[in-house]
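# Next comes the sequence, and after it the predicted model I'd like to discuss.
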Amino acid sequence: MTPERPAAWPAPTASGPLQARVRLPGSKSLTNRILLLSALSGEETLVLGALESDDARAMRSALEAFGARFTPSAGPDGVAALHVSPIPPAEPGARRVIDAHQAGTVMRFIPVVAALLGGQTDLLVHESARARPMGPLFAALRGIGAEIVSLDDGDPATDHLPARITAPQARTEPLRITVDSTASSQFLSALLLGACAQAAPVVVSHAGGRIPSRAHIRMTLESLREFGAEVEELAEDSWRVTPRVRSPRPMAVVEPDLSNAGPFLAAALVAGGTVQVPGWPLATTQIGDRWREILPRLGASVDLAHDDAAGAGTGTLTVAGGPRILPAEIDDAAELAPVLAALMALADGESRLTGIAHLRGHETNRLAALVEEIEALGAHAEETPDGLVIRGTSAPRPALHKAWHDHRLATAAAVWGLTAPGTELDDIAATAKTMPDFPQMWAAMLGQTR
Ligand SMILES: O=C(O)C1=C[C@@H](OP(=O)(O)O)[C@@H](O)[C@H](O)C1
Ligand SMILES: C=C(OP(=O)(O)O)C(=O)O
């Protein structure tokens with residue numbers, strides 16, 4: 001018997017210009033950094049605004065396997081919060097099995113913790129994540145004495161998950177680790193964050209080509225500082241991290257996910273009208289803050305109004321669609337690229353995305369998947385060595401789009417559905433990776449029209 005496929009999701013169409021306000025869940029990247037650092041801090045931590053999604057659950061279960069505990073709790077004024085009890089000192093010979101699912105942050109951050117805390121860790125992944133690059137991170141960990149073998153065939157030179165990571169026999173505290181982070185910024189982030197699993201300072205350096213998704217490295221450095229680590233930039237792409245980390249007082253706060261603001265803000269350009277996002281941080285390391293600079297280049301107007309409360313540190317972002325979507329050239333859009341490509345497929349002319357070759361190693365080969373879905377829509381796209389060229393259409397046709405196990409391909413298809421009645425998506429559940437409530441949030445936004 002073949003397993004039953006979930007029914008396709010009929011993407012709703014916009015019935016007119018929007019006048020919507022959308023509150024976003026917590027940032028995946030900040031949640032998983034804060035959970036990891038809280039678990040390594042040796043202290044009790046209260047976390048406010050943490051994301052609840054597949055990626056966040058995968059990080060919590062991974063840290064639980066090392067002995068951390070997460071308990072729902074109440075923050076100031078009774079708001080829901082998460083109480084984190086840190087990882088206790090490791091027992092020699094400890095063994096654990098961890099499933100990273102599809103979470104790149106778990107796949108990359110946890111092997112470092114496993115190699116530095118000791119014992120043996122079997123790290124599994126979702127079928128779709130087996131092809132994601134791990135080799136350079138494994139090479140760096142082998143360089144400090146960890147053994148990493150394939151769980152499929154015992155290959156001691158494996159460069160993919162699932163794998164067994166055995167920490168060096170004699171517990172050493174490495175002083176220097178170098179990695180080639182060209183395929184993913186997460187390799188460097190992993191070593192910088194994971195360094196906090198030891199007490200001694202460590203120098204972490206990159207040796208290779210251009211580092212992609214650079215904003216995420218800045219986020220890592222800022223998160224380390226928030227947890228009291230000293231981070232010193234020694235040279236370009238080389239940092240000294242001095243642990244220990246301690247818990248931020250009175251609590252750690254997770255900002256809303258500005259990357260996931262993308263499809264909602266894009267809706268204002270496609271359907272017209274305005275979309276507002278409250279709680280937008282005025283200062284942030286999230287790459288999603290780039291929407292404020294990118295969307296005007298596609299013809300939208302963007303305004304960030306500061307909240308009244310002195311020192312609130314947040315504002316309300318308003319994006320208003322223009323008369324048409326303009327073509328643009330955008331470099332290093334990283335995880336913003338799929339939704340940006342969705343807009344470019346509806347733009348009046350030819351657009352280019354550059355500096356995103358590494359998207360071939362994301363949840364799916366995003367460049368190939370975007371070409372296929374954009375062509376299905378009746379627009380034109382082709383791959384370049386480091387990105388995409390996209391010629392938009394003003395008459396998108398309805399299609400049954402594939403999510404490719406990729407939350408961002410799924411939300412891209414939702415954007416097309418706004419203007420192509422009859423659009424469907426094969427697997428809306430892919431959005432559970434970072435935004436499990438996406439279908440309800442999308443419907444609620446579309447209910448708020450002028
Ligand atoms: O560290 C992080 O939280 C992330 C880093 C980036 O990874 P890559 O450098 O592999 O693109 C980004 O795309 C991913 O969504 C999240
Ligand atoms: C690449 C992404 O995820 P991950 O954290 O799994 O790398 C993403 O969210 O766009």
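That came in fine, so what should we check first? Ligands and ions are numbered 1, 2, ... in the order given.

# Quick check: next helix or strand after the helix or strand Ala412 falls within?
Using DSSP states H and E, the element containing Ala412 is helix 407-417. Where DSSP H and E defines the elements, the next helix or strand beyond helix 407-417 is strand 424-425.

# so what strands line up beside that next one?
Strand pairing for strand 424-425, using DSSP bridges, gives strand 9-10 (antiparallel), strand 400-401 (parallel).

# In CSV: those strands, plus mean neighbour count and mean pLDDT.
Where C-beta positions appear, they are placed from N, C-alpha and C, glycine not excepted. Output for the strands paired with strand 424-425, formatted as CSV (neighbours: other C-beta atoms under 10 Å; pLDDT from 0 to 100):
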stretch, mean neighbour count, mean pLDDT
strand 9-10, 19, 98
strand 400-401, 20, 98
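
# Let me see the ranges of the strands in the stretch 1-150 of the chain.
Taking DSSP state E, counting those that start in this stretch, the strands of the stretch 1-150 of the chain run over residues 9-10, 18-21, 45-48, 69-74, 80-85, 95-99, 120-124, 147-150.

# Can you give the strand pairings for the third one, parallel or anti for each?
Based on DSSP bridges, the strands next to strand 45-48 in the sheet, each with its direction, are strand 80-85 (antiparallel), strand 252-253 (parallel).

# Could you point out the helix or strand that follows the last one?
Proceeding N to C from strand 252-253, the next assigned helix or strand is helix 262-271, under DSSP H and E.

# angle of the helix or strand just after that following helix against helix 262-271?
Moving toward the C-terminus from helix 262-271, the first helix or strand encountered (DSSP H and E) is strand 273-281. Going by axes from the mean of the first three to the mean of the last three C-alpha atoms, to 10 degrees, strand 273-281 is angled at 160 degrees with respect to helix 262-271.

# who does strand 273-281 touch, helix- and strand-wise?
Other elements packing on strand 273-281 under the criterion 3 or more C-beta pairs under 8 Å, 6 or more residues apart in numbering; DSSP states H and E are strand 18-21, helix 262-271, strand 314-320.

# Let's see that with 10 Å instead.
Other elements packing on strand 273-281 under the criterion 3 or more C-beta pairs under 10 Å, 6 or more residues apart in numbering; DSSP states H and E are strand 18-21, helix 262-271, helix 291-297, strand 301-306, strand 314-320.

# Keeping just the C-alphas, turn that strand into CSV.
The C-alpha trace of strand 273-281 is given here as CSV (Å, rounded to 0.1, in the frame of the first residue of the first chain):
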residue,chain,number,x,y,z
GLY,A,273,-2.3,48.0,0.2
THR,A,274,-0.3,47.8,3.4
VAL,A,275,1.1,45.1,5.7
GLN,A,276,2.3,46.1,9.1
VAL,A,277,4.5,44.2,11.5
PRO,A,278,4.6,45.4,15.1
GLY,A,279,7.5,44.6,17.4
TRP,A,280,10.2,45.2,14.7
PRO,A,281,13.5,45.6,16.5
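
# What strands line up against it, and which way round?
With DSSP bridges as the test, strand 273-281 is paired with strand 18-21 (parallel), strand 314-320 (antiparallel).

# Mean pLDDT and distance to Ser247 added to these, as JSON lines?
Listed next are the strands paired with strand 273-281 as JSON lines, based on pLDDT from 0 to 100; distance: least, C-beta to C-beta, whole Å:
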{"stretch": "strand 18-21", "mean pLDDT": "97", "distance to Ser247": "33"}
{"stretch": "strand 314-320", "mean pLDDT": "97", "distance to Ser247": "23"}
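
# got TSV for those strands, with mean neighbour count too?
Formatted as TSV, the strands paired with strand 273-281 follow (neighbours: other C-beta atoms under 10 Å):
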stretch	mean neighbour count
strand 18-21	20
strand 314-320	20
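
# mind checking which of these is nearest Ala430?
Of all these, strand 18-21 sits nearest to Ala430, with 22.9 Å by C-beta to C-beta.

# do the helix holding Ala412 and ligand 1 meet?
No. Using C-beta under 6 Å from any ligand atom, helix 407-417 stays clear of ligand 1, with a minimum separation of 8.6 Å.

# other SSEs contacting that helix?
Applying 3+ C-beta pairs under 10 Å, 6+ apart, we find helix 407-417 packed against strand 9-10, helix 262-271, helix 337-344, helix 366-376, strand 400-401, strand 424-425, helix 438-446.

# For the third one, buried residues please.
Same thing as helix 337-344. For helix 337-344, a neighbour-count test (16 or more other C-beta atoms under 10 Å) marks Ala337, Pro338, Val339, Leu340, Ala341, Ala342, Leu343, Met344 as buried.

# and of these, the nearest to ligand 2?
Pro338 (7.6 Å; C-beta to the nearest ligand atom).

# residues touching the closest one, list them.
Contacts here follow C-beta atoms under 10 Å, 6 or more residues apart in numbering; on that basis Pro338 touches 262-263, 353, 356, 359, 362-363, 366-367, 369-370, 373, 404, 406-413, 415.

# and the residue nearest to Ile110 when sequence neighbours are not counted, what does it touch?
Spatially, and ignoring its direct neighbours in sequence, Ile110 is nearest to Ala62 (5.0 Å; C-beta to C-beta, 6 or more residues apart in numbering). For Ala62, the contacting residues are 32, 35-36, 39, 68, 96, 98-101, 103, 105-107, 109-110, 113-114, 121, 123, by C-beta under 10 Å, 6+ apart.

# Restricted to helices, list those.
Asn32, Leu35, Leu36, Ala39, Thr105, Val106, Met107, Phe109, Ile110, Val113, Ala114 (DSSP state H).

# can you tell me which of those are up against ligand 2?
Restricting the ones in helices among the contacts of Ala62 to those touching ligand 2 (C-beta under 6 Å from any ligand atom) yields Thr105.

# Tell me which two in the ones in helices among the contacts of Ala62 are the farthest apart.
Ala39 and Met107 (16.8 Å).

# Report the closest residue of the stretch 351-450 of the chain relative to ligand 1.
For the stretch 351-450 of the chain, C-beta to the nearest ligand atom, closest residue to ligand 1: His358, 5.5 Å.

# check contacts around the residue lying closest to Ala399 once chain neighbours are set aside.
Once flanking residues are discounted, Ala399 sits nearest to Ala376: 4.1 Å by C-beta to C-beta, 6+ apart. Going by C-beta under 10 Å, 6+ apart, Ala376 touches Pro396, Arg397, Pro398, Ala399, Leu400, His401, Lys402, Ala413, Trp416, Thr423.
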